[in-house]
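1. My questions concern the predicted model and sequence given below.
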Amino acid sequence: MSKIARITISLDQELLEQFEKKIAGVGYASRSEAMKEIVRQSLVEQEWQESDEVAGTISLVYDHHEGSMVKKIVAVQHDFGHVIICSQHVHLDHTNCLEVLVVRGKPPEIRGLMDRLKSIRGMKHSALMTATTGRHIH
Ligand code: NI
(Lines give C-alpha, C1' and ligand atoms only; values in the text may rest on other atoms or scores of the structure.)
Protein backbone atom coordinates (compact mmCIF):
# COMPACT_ATOMS: atom_id res chain seq x y z
CA MET A 1 0.00 0.00 0.00
CA SER A 2 1.53 3.30 -1.05
CA LYS A 3 1.55 6.40 1.07
CA ILE A 4 -1.47 8.67 0.73
CA ALA A 5 -0.79 12.22 -0.42
CA ARG A 6 -3.44 14.88 0.00
CA ILE A 7 -3.86 17.60 -2.58
CA THR A 8 -6.19 20.53 -2.95
CA ILE A 9 -7.43 21.33 -6.42
CA SER A 10 -9.22 24.38 -7.73
CA LEU A 11 -11.87 23.97 -10.38
CA ASP A 12 -14.20 26.33 -12.17
CA GLN A 13 -17.65 26.06 -10.61
CA GLU A 14 -19.06 24.81 -13.91
CA LEU A 15 -16.39 22.16 -14.29
CA LEU A 16 -16.99 21.00 -10.72
CA GLU A 17 -20.72 20.77 -11.43
CA GLN A 18 -20.00 18.70 -14.55
CA PHE A 19 -17.71 16.44 -12.52
CA GLU A 20 -20.35 16.00 -9.81
CA LYS A 21 -22.94 15.23 -12.46
CA LYS A 22 -20.63 12.72 -14.15
CA ILE A 23 -19.95 10.80 -10.94
CA ALA A 24 -23.48 11.01 -9.57
CA GLY A 25 -25.14 7.64 -9.53
CA VAL A 26 -21.94 5.71 -10.17
CA GLY A 27 -21.62 4.97 -6.49
CA TYR A 28 -18.13 6.20 -5.74
CA ALA A 29 -17.47 6.32 -2.00
CA SER A 30 -16.09 9.84 -2.36
CA ARG A 31 -14.89 12.44 -4.84
CA SER A 32 -11.37 11.15 -4.15
CA GLU A 33 -12.33 7.68 -5.37
CA ALA A 34 -13.82 9.18 -8.52
CA MET A 35 -10.67 11.26 -9.10
CA LYS A 36 -8.43 8.21 -8.62
CA GLU A 37 -10.43 6.30 -11.21
CA ILE A 38 -10.19 9.17 -13.69
CA VAL A 39 -6.42 9.52 -13.12
CA ARG A 40 -5.92 5.78 -13.61
CA GLN A 41 -7.97 5.85 -16.81
CA SER A 42 -5.81 8.64 -18.19
CA LEU A 43 -2.67 6.69 -17.24
CA VAL A 44 -3.95 3.70 -19.18
CA GLU A 45 -4.67 5.96 -22.16
CA GLN A 46 -1.12 7.27 -21.91
CA GLU A 47 0.19 3.70 -21.70
CA TRP A 48 -1.54 2.96 -25.01
CA GLN A 49 0.20 6.01 -26.53
CA GLU A 50 3.69 5.49 -25.15
CA SER A 51 4.26 2.05 -23.67
CA ASP A 52 5.83 -0.97 -25.36
CA GLU A 53 3.49 -3.43 -23.75
CA VAL A 54 -0.20 -3.19 -22.98
CA ALA A 55 -2.99 -5.68 -22.45
CA GLY A 56 -6.62 -5.77 -23.42
CA THR A 57 -9.47 -7.77 -24.83
CA ILE A 58 -11.09 -7.89 -28.23
CA SER A 59 -14.66 -9.07 -28.59
CA LEU A 60 -16.19 -10.20 -31.85
CA VAL A 61 -19.70 -11.25 -32.81
CA TYR A 62 -20.32 -12.90 -36.15
CA ASP A 63 -22.52 -15.31 -38.02
CA HIS A 64 -20.50 -18.45 -38.57
CA HIS A 65 -22.59 -19.33 -41.62
CA GLU A 66 -21.33 -16.20 -43.41
CA GLY A 67 -19.15 -17.31 -46.32
CA SER A 68 -15.50 -17.64 -45.43
CA MET A 69 -15.65 -15.55 -42.25
CA VAL A 70 -14.47 -18.24 -39.88
CA LYS A 71 -11.50 -19.07 -42.11
CA LYS A 72 -10.53 -15.39 -42.31
CA ILE A 73 -10.89 -14.84 -38.56
CA VAL A 74 -8.73 -17.89 -37.82
CA ALA A 75 -6.12 -16.82 -40.41
CA VAL A 76 -5.82 -13.33 -38.90
CA GLN A 77 -5.46 -14.83 -35.43
CA HIS A 78 -2.64 -17.06 -36.66
CA ASP A 79 -0.90 -13.99 -38.13
CA PHE A 80 -1.09 -12.38 -34.68
CA GLY A 81 -0.38 -15.46 -32.58
CA HIS A 82 2.42 -13.61 -30.75
CA VAL A 83 -0.11 -11.04 -29.46
CA ILE A 84 -3.05 -13.30 -28.59
CA ILE A 85 -2.67 -14.94 -25.19
CA CYS A 86 -5.89 -16.92 -25.40
CA SER A 87 -9.32 -16.87 -26.94
CA GLN A 88 -12.74 -18.08 -25.99
CA HIS A 89 -15.50 -18.93 -28.39
CA VAL A 90 -19.12 -19.03 -27.31
CA HIS A 91 -21.92 -20.26 -29.57
CA LEU A 92 -24.56 -17.66 -28.67
CA ASP A 93 -27.29 -19.36 -30.65
CA HIS A 94 -27.68 -21.44 -33.82
CA THR A 95 -26.20 -18.61 -35.90
CA ASN A 96 -24.15 -16.22 -33.83
CA CYS A 97 -20.75 -16.66 -32.26
CA LEU A 98 -19.10 -14.47 -29.62
CA GLU A 99 -15.35 -14.65 -29.51
CA VAL A 100 -13.16 -12.95 -26.92
CA LEU A 101 -9.42 -12.60 -27.43
CA VAL A 102 -7.11 -11.68 -24.59
CA VAL A 103 -4.21 -9.73 -26.05
CA ARG A 104 -0.88 -8.43 -24.84
CA GLY A 105 1.82 -6.67 -26.82
CA LYS A 106 2.81 -3.44 -28.50
CA PRO A 107 -0.13 -1.05 -28.94
CA PRO A 108 0.35 -0.69 -32.72
CA GLU A 109 0.32 -4.47 -33.13
CA ILE A 110 -2.88 -4.83 -31.12
CA ARG A 111 -4.49 -2.01 -33.09
CA GLY A 112 -3.28 -3.69 -36.27
CA LEU A 113 -4.94 -6.94 -35.22
CA MET A 114 -8.13 -5.04 -34.39
CA ASP A 115 -8.11 -3.31 -37.79
CA ARG A 116 -7.72 -6.62 -39.61
CA LEU A 117 -10.56 -8.24 -37.64
CA LYS A 118 -13.05 -5.38 -37.90
CA SER A 119 -12.53 -5.08 -41.64
CA ILE A 120 -13.61 -8.67 -42.25
CA ARG A 121 -16.80 -8.42 -44.23
CA GLY A 122 -19.91 -9.41 -42.29
CA MET A 123 -18.49 -8.85 -38.79
CA LYS A 124 -21.51 -7.91 -36.66
CA HIS A 125 -19.58 -6.41 -33.78
CA SER A 126 -15.97 -5.80 -32.91
CA ALA A 127 -14.57 -3.88 -29.99
CA LEU A 128 -11.22 -3.39 -28.33
CA MET A 129 -11.13 -2.88 -24.59
CA THR A 130 -7.89 -1.12 -23.79
CA ALA A 131 -6.68 -2.41 -20.43
CA THR A 132 -3.29 -2.37 -18.80
CA THR A 133 -0.61 -4.83 -17.75
CA GLY A 134 -1.04 -3.15 -14.36
CA ARG A 135 2.69 -2.66 -13.91
CA HIS A 136 2.56 1.12 -14.20
CA ILE A 137 -0.73 1.71 -12.44
CA HIS A 138 -1.06 1.82 -8.66
NI1 NI B 1 -19.81 -20.57 -32.63
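-> Sure thing, it's come through.

2. only C-alpha atoms for contact and neighbour calcs from this point on.
-> OK.

3. could you give the mean pLDDT of stretch 103-114?
-> What stretch 103-114 shows for mean pLDDT is 97.

4. Go through it and flag the buried ones.
-> Val103, Arg104, Gly105, Lys106, Pro107, Glu109, Ile110, Leu113, Met114 (16 or more other C-alpha atoms under 10 Å).

5. do stretch 36-50 as well
-> Neighbour-count burial for stretch 36-50 [16+ other C-alpha under 10 Å]: Gln41, Leu43, Val44, Glu47, Trp48.

6. give me every residue that touches Ala55.
-> For Ala55, the contact set (C-alpha atoms under 8 Å, 6 or more residues apart in numbering) comprises Val102, Val103, Arg104, Gly105, Thr130, Ala131, Thr132, Thr133.

7. Which members of those residues are positioned in strands?
-> Counting by DSSP state E, these place Val102, Val103, Arg104, Gly105, Thr130 in strands.

8. The residue nearest to the last one when sequence neighbours are not counted is in what secondary structure piece?
-> Yep, that's Thr130 we're talking about. Excluding its sequence neighbours, the residue lying closest to Thr130 (C-alpha to C-alpha, 6 or more residues apart in numbering) is Gly56, at 4.8 Å. If you go by DSSP states H and E, Gly56 is part of strand 54-63.
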